[in-house]
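Undergrad: Build me a model from this:
(one chain, ligands or ions: 1)
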Amino acid sequence: MKRVKGVAVLGSTGSVGRNALDVIARFPKRFRVTALCAGKNAAELTEQARRFRPPFVCLSEEVTVSRLGRLPPGTRVLIGEEGMSEAACAGETDIVLAAAAGVTSIRPVIAAARKGKRIALANKELLVMAGKFLVEAARAGGGGILPVDSEHSAVFQAIEGHRKEDIARIILTASGGPFRARTSRQMRDATVEEALGHPTWRMGAKISVDSATLMNKGFEVIEAMWLFGLPPSRIDVLIHPQSIVHSMVEYQDGSLIAQLGVPDMRIPIGYALSYPERLPLELPRLLPHRMDGWVFEPPDGKRFPALSLAYDAAKTGGTAPATLNAANEVAVGAFLAGRIRFTDIVRVVEKSRAAWRKAKRSVTLKDVLRADAEARAETSRTISRMRRPRKP
Ligand SMILES: NC(=O)c1ccc[n+]([C@@H]2O[C@H](COP(=O)([O-])OP(=O)(O)OC[C@H]3O[C@@H](n4cnc5c(N)ncnc54)[C@H](OP(=O)(O)O)[C@@H]3O)[C@@H](O)[C@H]2O)c1
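TA: You can find the predicted model right below:
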């Protein structure tokens, strides 16, 4: 009989986390939750803990722990980065679903990878910031990194059984986000609500804004570099607003192999948890005879400069991607707080380029964490000097 796999869900109260719990709840004979980790949402974490009864729950800060309700007997409450590490590395855990926002889970995820846990990776920022270290840890531990991002899951499926030498390039598809058809002038005055209105996916706030600037796609290029071991020059992006073709791989002989599916995160999450098997997910299916009107077009680098910024950081290497990621996170936070305009996000991030010059070729994880902290401080200073946008 198959052993039930223990899953630690980092970011359980978020969009990916909730979808993952939905998948896990459908297959109690295959999976059980060993840990639920969130930032501050103690109320939802309490509800989830009552339903899934994991041995561990974890919140990011001590002050929020007092807001937890009554937990099932025997539940251990952990706190912060150390707590997350303990939960992710626990003997009961086989798979760590990395879906906590930001980069605070970097050390716990690296520690779990080194211990041989399978990393089901949603949190692309971890690879952008410290891809080298996460990939090395997963190689040493042997548990592997399974992509949860739908594009990378598609590529992962399209390269299975093929030789890496035969790959000509990877084509990541992008919906184009809510502002695909807007002019730069119209984007300047975009509201937070508009930026959060993704046309095909329901996601957390930060990734929704990243999708609107196309920084998300830039991060995905860097993510693909680390996952599939290809240089940025062999990773292209195509806008495909229908979000049905999740990505493609072109081979030397001109063949294109793509993966298609309805835009539902439970499919790539389920695959990352159950690989190499596929779960009988009872979700709406694609109907090939209804598939028409698909569009594929190159991204407009003028209106969406974030993409080339990410390519440049990828080529620079060293600490440059970590600096880019940190500056972007601060800028997106400022936009969500009404502190800067939508088009200011990339303008502000562009300023972090100055720090790339310091990007060394050979870096340690410490260098990366230092670059992350410096970029956050510098970007906050830049924003504090900017004039607040007037309310429309
Ligand atoms: N949403 C998608 O469809 C999708 C697709 C592909 C990749 N991703 C990636 O997956 C990650 C999560 O995205 P999301 O859309 O699920 O985000 P989200 O809805 O904003 O959820 C973020 C989760 O992280 C938790 N969190 C925040 N700060 C934390 C901390 N310091 N320690 C531990 N947990 C913390 C949040 O807890 P609280 O609720 O307590 O704040 C929440 O559970 C991102 O890296 C994103 O790029 C998402």
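
Undergrad: Quick one: the strands in the protein, in order.
TA: For the chain, the strands identified by DSSP state E occupy 5-10, 31-37, 56-59, 76-79, 95-98, 118-121, 145-147, 167-174, 235-239, 245-251, 256-260, in order along the chain.

Undergrad: residues in contact with the residue of the stretch 251-392 of the chain found nearest the ligand?
TA: Minimum separation of the stretch 251-392 of the chain from the ligand (Cβ to the nearest ligand atom) falls at residue 265, amounting to 4.6 Å. Glycine gets a C-beta too; all of them are placed from N, C-alpha and C. Residues in contact with residue 265, defined by Cβ atoms under 8 Å, 6 or more residues apart in numbering, are 15, 16, 19, 148, 150, 201.

Undergrad: near the ligand, which residues of the protein?
TA: The interface of the chain toward the ligand, taken as Cβ under 6 Å from any ligand atom, is made up of 11-17, 37-41, 60, 99-102, 104, 122-125, 149, 201, 203-207, 265.

Undergrad: Next, count neighbours for the residue nearest to residue 22 when sequence neighbours are not counted.
TA: On the basis of Cβ to Cβ, 6 or more residues apart in numbering, the spatially nearest residue to residue 22 that is not a chain neighbour turns out to be residue 266, at 6.2 Å. Taking other Cβ atoms under 10 Å as the neighbour definition, residue 266 ends up with a count of 17.

Undergrad: wait, residue 266 sits on residue 19?
TA: Yes - at 5.2 Å, residue 266 counts as touching residue 19 under the criterion of Cβ atoms under 8 Å.

Undergrad: domain ranges for the chain?
TA: In the domain annotation for the chain, the residue ranges read 5-147, 152-261+285-384 (automatic domain parsing).

Undergrad: Can you lay out those domains as CSV showing mean pLDDT and distance to residue 279?
TA: What follows is the domains of the chain, written out as CSV (pLDDT from 0 to 100; distance: least, Cβ to Cβ, whole Å):
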stretch, mean pLDDT, distance to residue 279
domain 5-147, 97, 6
domain 152-261+285-384, 95, 13
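
Undergrad: Please identify the most buried of those.
TA: Mean neighbour counts were compared across the domains of the chain using mean count of other Cβ atoms under 10 Å; the top stretch is domain 5-147, at a mean of 21.

Undergrad: Tell me the residue of the protein that sits nearest the ligand?
TA: residue 14 (2.0 Å).

Undergrad: and that residue, what does it touch?
TA: Contacts for residue 14 (Cβ under 8 Å, 6+ apart) come out as 38, 99, 100, 101, 204.

Undergrad: what residues are up against residue 35?
TA: Taking Cβ under 8 Å, 6+ apart, we find residue 35 in contact with 8, 9, 10, 54, 55, 56, 57, 58, 87, 88, 90, 93.

Undergrad: pLDDT score for the residue nearest to residue 22?
TA: We note a pLDDT of 98 for residue 266 in this prediction.

Undergrad: wait, residue 21 sits on residue 48?
TA: Yes - contact between residue 21 and residue 48 holds when scored by Cβ under 8 Å: they sit 6.5 Å apart.

Undergrad: List the residues that are in contact with both of those two.
TA: residue 12.

Undergrad: picking that back up, ok, the contacts of residue 14 vs residue 188, which is closest?
TA: Using Cβ to Cβ, residue 204 is the member of the contacts of residue 14 that lies nearest residue 188, at 24.0 Å.

Undergrad: ok, the nearest residue to that closest one once chain neighbours are set aside to residue 390 distance?
TA: Nearest non-adjacent residue to residue 204, counting by Cβ to Cβ, 6+ apart: residue 15, 4.7 Å away. With distances defined as Cβ to Cβ, to the nearest Å, the gap from residue 15 to residue 390 amounts to 32 Å.
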